[in-house]
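1. Next input, structure requested:
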Amino acid sequence: MATTYTNITSNKTKTTLWIVFFLSFVILLGYVLGRALDISWLFPFAIFFALFQGVTTYWWSDKIALAVAGAHEVNKSDAPELYRLVENLSITAGIPTPKVYIIDDMAPNAFATGRDPKHASIAVTRGLLTKLNKPELEGVLAHEFSHIGNYDILLSTAIVVLVGIVVLVSNWFFRISLFGGGRRSNNNNDSGGIFMIVGLVLALLSPLFATLIQLAISRKREFLADASGALLTRNPNELADALQKITADPEPLIHANNATAHLYFSEPLKDSKGKNRNLFANLFSTHPDPAERIKRLREMAM
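-> Residues are numbered from 1 along each chain as shown. This next block holds a predicted model:
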């Protein structure tokens, strides 16, 4: 049976493996296209770039995620009620008080980020603060505290940067190969042509590959965070009510995108009618069915 400690260990291991896997993919892409286009500097540059991004992913991915979300840090005097809830939950959960950020967006949502509980942040939207009552807001915050305690934040935040790297690098390499960034190999055999074909295939498929890797973050983490958050506040019904309100709210989250969608408390990619903007919503959703989440929370309250 999974425990908090096994989940923490699992998330740390997964983060390391995904970082190595992503960066190996970037290096492979550099090698293949370097051979195909006979660009001698492309492979060593890919190695340097991958190592640099590996360091960036671990130390600064949370800042990148917060910047992409349009979040700005607030202090206790700026949002006293929110800060009190965060401080109280920190004491209850036995976790250092995270930094608090607000996103100026009226779509109700939230996410937690950081590399560990000592370097964590919680971001909430203006919509969450205005559309939920205090117990509901506390429930959402408790859910995010569970992500912090389980080290979900380390894996989720790293994926934001790594997905962006693969898509960016593959697009760049694709443009190089398409428009002739170097001279083609003049070998007598067909190895140059083979490398070119492989490079183009990798560059074309890498955005899909990145999406599939992003979805490798188990949706079960949301069920676990719901359950842990409900236990933290001892009020699963309030968290269920909050999830119901957030899911039903038609306001689209302006700053949400495919790279950061998995971070949020609830699926943020909705159009103005409240429906998922993703064409393949069920297949590529980073969140479990909200109805199932609500059902499980109601059952906890019985």
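2. those helices in the stretch 151-300 of the chain, which residues are they?
-> In the stretch 151-300 of the chain, the helices defined using DSSP state H, counting those that start in this stretch lie at 152-179, 191-214, 220-233, 236-248, 281-284, 290-301.
3. what's the angle from the fourth one to helix 290-301?
-> Between helix 236-248 and helix 290-301, the angle comes out at 170 degrees (axes from the mean of the first three to the mean of the last three C-alpha atoms, to 10 degrees).
4. tell me the mean pLDDT for helix 236-248?
-> When pLDDT is averaged along helix 236-248, the result is 95.
5. Please state the offset of that helix from the chain centre?
-> Taking the mean of its C-alpha atoms, helix 236-248 sits 22 Å from the chain's own mean (C-alpha atoms, centre = their mean, to the nearest Å).
6. ok, of the helices of the stretch 151-300 of the chain, where does mean pLDDT dip lowest?
-> Among the helices of the stretch 151-300 of the chain, helix 281-284 scores lowest, at a mean of 52.
7. downstream neighbour of the helix or strand harbouring Ile102 in the secondary structure list?
-> Per DSSP states H and E, Ile102 falls inside strand 99-103. Using DSSP H and E, the next helix or strand after strand 99-103 towards the C-terminus is strand 110-114.
8. With only the CA atoms kept, save that following strand in CSV.
-> Only the C-alpha atoms of strand 110-114 are listed here, as CSV (Å, rounded to 0.1, in the frame of the first residue of the first chain):
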residue,chain,number,x,y,z
ALA,A,110,-4.6,27.5,-8.0
PHE,A,111,-1.3,25.6,-8.1
ALA,A,112,1.7,24.8,-6.0
THR,A,113,5.3,24.8,-7.2
GLY,A,114,8.9,24.5,-6.0
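9. List the contacts of it.
-> 61-62, 65-66, 69, 98, 120-125, 128, 140-141, 144-145, 147-148, 152-154, 156-157, 260, 263-265 (C-beta atoms under 8 Å, 6 or more residues apart in numbering). Yep, even glycine has a C-beta here, placed from its N, CA and C like the rest.
10. Show me the residues you listed that map onto strands.
-> In this view, these that belong to strands under DSSP state E are 120-125.
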